[in-house]
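A.B. asks: can you look at this prediction? I've put the sequence above it.
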Amino acid sequence: MEYEAIIGMEVHAQLLTRSKMFCACAADYAAAPPNTRVCPVCLGMPGTLPVINRRAVEFVVMTGLALHCRIADHSRFARKNYHYPDLPKGYQISQYELPLCSDGYLEIEVDGRVKRIGIERVHLEEDTAKLIHTGEHSLIDANRAGVPLMEIVSAPDLRTGEEARQYLTRLRTILRYLGVSSGNMEEGSMRCEVNISLRPAGTDVRGTKVEVKNLNSFRSVKQAIEYETERQRRLLESGERVVQVTMGWDEARGRTVLQRVKESADDYRYFPEPDLPPLELSREWVERIRASLPELPEARRERFVRDYGLSAYDAGVLTADRDVADFFEAVAGLGGDAKGAANWITGEIFRLMNARGLEMSQMPIRPAQLCELMGLIREGVITTTIAKDVLGYMVDTGDSPGAIVQQRGLAQVRDAAALEAVARQVIADNPDAVAQYLAGKEQVLKFLVGQMMRATKGQANPTLAAEILKALLAQGR
């Protein structure tokens, strides 16, 4: 029997607010010493009262609007009751039956076709403290407790690990464009769980779903789904039953492992949070937020194709990161060649970023400097080969390309006499290539020009080098 996977995702994203969700403690907890970003409210001390962070509500509404959600006029918080060492109050303030946003969608591309993934809800809650396991002991750092956390729940519209990876990638891009979350999975500021069940292909049968946690990268999400799908398939084909459990992803072993029997909503004993009033959102306030939204990735990609003549692929690569797209537009706005800028950014600049482990926001190169570098090539001051070296020096020193070319003597060699001497040596060193050229294989000239470029460390003017070679070789015909 053929089975198909039914996959839904729950994504938790920490919000980039200055303070926590229900108190005035600073939300930038990562670099702080343990238990120093705390107060009686986020520690759950008796007699304390929470106060709603308005900015966090605004961030969730922004996200809901970007995901085409319906924004609730009336919403409220609820208590989600469970006891665990990382939960200071013994319950989590979250949302249940009345979320801020619902009934939206996000589109992904599957095999060249657009597929719409439903968004069931986007709601707001508080993060937990952090458990640190060391030897036989577990330590608690409460700095993270109370940090605003947005949960985005998809409909079970995903079918493969690759679709889930694309969904997660596009969702993170939107969150970063909005400026509401860093989306760094490796740092834990975005976490996700997947719910996977199998059913006979072509039927509407509901299978037993299994939740998989501990997914901290796009790669882990894809691999965990593929492994868990195959695990469930083997169980069903052998006549066994899939049990509703929570599994963890073991990155080292590349497999899912049992964590606990899955809780249901009843286990959490949700009830309205008595210490917080209901949220009433005016239409005017929501529309002001809508009007303030930045241009989102899909719209920007279409504009790059339309206005700059880029391919859909290049436009997609450039708009996948807002900082990269902003850098490109700044270069284009300074009069730089848009297609040339796209090639430099997606080629050499990306290569340098990967080699040095840097984001675009961390690169010391400014848009005006890339324009200057492209101008030096256009004016024939340096070759493209030398420009790649200059770009590396720019990243290392922050200096302008003109200053680097002057300081390091990297300008093109245009001295005909000097290039003729190099050309004569290249001809002498490559008799077989010369013979082929003289026999009529004129494409061999490119090889000989390349040898001149190598001999001059990329500084020979290639046009002049080709002309000198042709003249010298003509003498031997």
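C.D. replies: Looks like it arrived, so ask away. Residues are numbered from 1 along each chain as shown.

A.B. asks: and the closest residue to Ser19 other than its chain neighbours, how many residues sit next to it?
C.D. replies: Leaving aside its sequence neighbours, Ser19 sits nearest to Ala27 (Cβ to Cβ, 6 or more residues apart in numbering; 5.7 Å). (Glycine included, C-beta is placed from N, CA and C.) Per other Cβ atoms under 10 Å, the neighbour tally for Ala27 reads 23.

A.B. asks: just to check, Ala27 is in contact with Ala145?
C.D. replies: No: here Ala27 does not reach Ala145: they are 10.9 Å apart, not a contact under Cβ atoms under 8 Å.

A.B. asks: ok, now which ones touch Asn430?
C.D. replies: Asn430 sits next to Phe447, Leu448, Gln451 when contact means Cβ atoms under 8 Å, 6 or more residues apart in numbering.

A.B. asks: and it, how close does it get to Arg54?
C.D. replies: 73 Å (Cβ to Cβ, to the nearest Å).

A.B. asks: next one: Ser94
C.D. replies: Noted for Ser94: a distance of 18 Å to Arg54, by Cβ to Cβ.

A.B. asks: repeat for Arg219
C.D. replies: 37 Å.

A.B. asks: of these two, who's got more company?
C.D. replies: Neighbour count, other Cβ under 10 Å: between Arg219 and Arg54, Arg219 has more, with 13 against 9.

A.B. asks: now that one: closest residue in space, sequence neighbours ignored.
C.D. replies: Nearest non-adjacent residue to Arg219, counting by Cβ to Cβ, 6+ apart: Arg165, 7.9 Å away.

A.B. asks: low-scoring stretches of the stretch 51-200 of the chain, by residue?
C.D. replies: Nowhere does the stretch 51-200 of the chain drop to pLDDT under 70.

A.B. asks: rerun that using 90 as the cut-off
C.D. replies: Counting by pLDDT under 90, the stretch 51-200 of the chain shows low-confidence ranges at 82-85, 109-112, 133, 186-188.

A.B. asks: can you pull out the helices in it?
C.D. replies: For the stretch 51-200 of the chain, applying DSSP state H, counting those that start in this stretch gives helices covering 54-66, 161-178.

A.B. asks: for the stretch 51-200 of the chain, what spans make up the strands?
C.D. replies: Along the stretch 51-200 of the chain, the segments classed as strands by DSSP state E, counting those that start in this stretch run 70-71, 74-75, 78-81, 91-94, 101-110, 113-126, 130-134, 137-141, 148-154, 190-200.

A.B. asks: about what we covered before: distance check, the residue nearest to Arg219 against Asp157.
C.D. replies: 15 Å.

A.B. asks: quickly list the domain ranges of this structure.
C.D. replies: For the chain, automatic domain parsing gives the domain ranges 3-286, 295-408, 416-474.

A.B. asks: longest helix in this structure, please.
C.D. replies: Ranked by number of residues, the top helix in the chain under DSSP state H is helix 218-237.

A.B. asks: show me what it is packed up against.
C.D. replies: If contacts are counted by 3 or more Cβ pairs under 8 Å, 6 or more residues apart in numbering; DSSP states H and E, helix 218-237 sits against strand 3-14, helix 161-178, strand 190-200, strand 210-215, strand 245-250, strand 255-261.

A.B. asks: and with 6 Å instead?
C.D. replies: Packing partners of helix 218-237 (3 or more Cβ pairs under 6 Å, 6 or more residues apart in numbering; DSSP states H and E): helix 161-178, strand 190-200, strand 210-215, strand 255-261.

A.B. asks: could the ones you listed go into CSV alongside mean neighbour count?
C.D. replies: Output for the helices and strands packed on helix 218-237, formatted as CSV (neighbours: other Cβ atoms under 10 Å):
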stretch, mean neighbour count
helix 161-178, 21
strand 190-200, 21
strand 210-215, 21
strand 255-261, 14
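
A.B. asks: closest one to Gln407 among those?
C.D. replies: helix 161-178 (37.2 Å; Cβ to Cβ).

A.B. asks: what angle sits between that closest one and strand 190-200?
C.D. replies: 150 degrees (axes from the mean of the first three to the mean of the last three Cα atoms, to 10 degrees).

A.B. asks: the residue nearest to Ser19 and Glu58: what is the separation?
C.D. replies: According to Cβ to Cβ, Ala27 and Glu58 sit 15 Å apart.

A.B. asks: what is the helix or strand hosting Leu473 packed up against?
C.D. replies: Here Leu473, judged by DSSP states H and E, is contained in helix 462-474. With contacts taken as 3+ Cβ pairs under 6 Å, 6+ apart, helix 462-474 sits against helix 416-429, helix 444-455.

A.B. asks: show me what the helix or strand that comes right after the first one packs onto, helices and strands only.
C.D. replies: It refers to helix 416-429. The helix or strand immediately downstream of helix 416-429 is helix 431-438, counting by DSSP H and E. Contacts defined by 3+ Cβ pairs under 6 Å, 6+ apart place helix 431-438 against helix 444-455.

A.B. asks: any chance you could list what contacts stretch 360-370?
C.D. replies: Residues from elsewhere that reach stretch 360-370 (Cβ atoms under 6 Å, 6 or more residues apart in numbering): Asp323, Val324, Phe327, Ala330, Val331, Met394, Gly398, Ser400.

A.B. asks: burial count for the closest residue to the fourth one other than its chain neighbours?
C.D. replies: Put plainly, it is Ala330. Of all residues not flanking Ala330 in the chain, Pro367 sits nearest, at 3.6 Å (Cβ to Cβ, 6+ apart). The local packing of Pro367 (other Cβ under 10 Å) involves 18 other residues.

A.B. asks: quick one: pLDDT of Gln14?
C.D. replies: Here, the pLDDT recorded for Gln14 equals 97.

A.B. asks: re earlier: and of the strands of the stretch 51-200 of the chain, who's closest to Glu4?
C.D. replies: Closest to Glu4 of those, according to Cβ to Cβ: strand 190-200, at 6.3 Å.

A.B. asks: show me where the stretch 251-400 of the chain has its strands.
C.D. replies: Applying DSSP E, counting those that start in this stretch to the stretch 251-400 of the chain gives strands spanning 255-261, 271-272, 279-280.

A.B. asks: to Ile377, which of those lies closest?
C.D. replies: Judging the strands of the stretch 251-400 of the chain by Cβ to Cβ, what sits closest to Ile377 is strand 255-261, at 51.0 Å.

A.B. asks: just to revisit the earlier point, list phi and psi for the residue nearest to Ser19.
C.D. replies: phi -90, psi -10 (degrees, to the nearest 10).

A.B. asks: spit out the contact partners of it.
C.D. replies: Here Ala27 is in contact with Thr17, Ser19, Lys20, Val147 (criterion: Cβ under 6 Å, 6+ apart).

A.B. asks: under the pLDDT cut-off, which ranges of the stretch 301-450 of the chain? List them.
C.D. replies: Within the stretch 301-450 of the chain, the ranges that satisfy pLDDT under 90 run 335-337, 377-386, 405-429, 431-446, 448-450.
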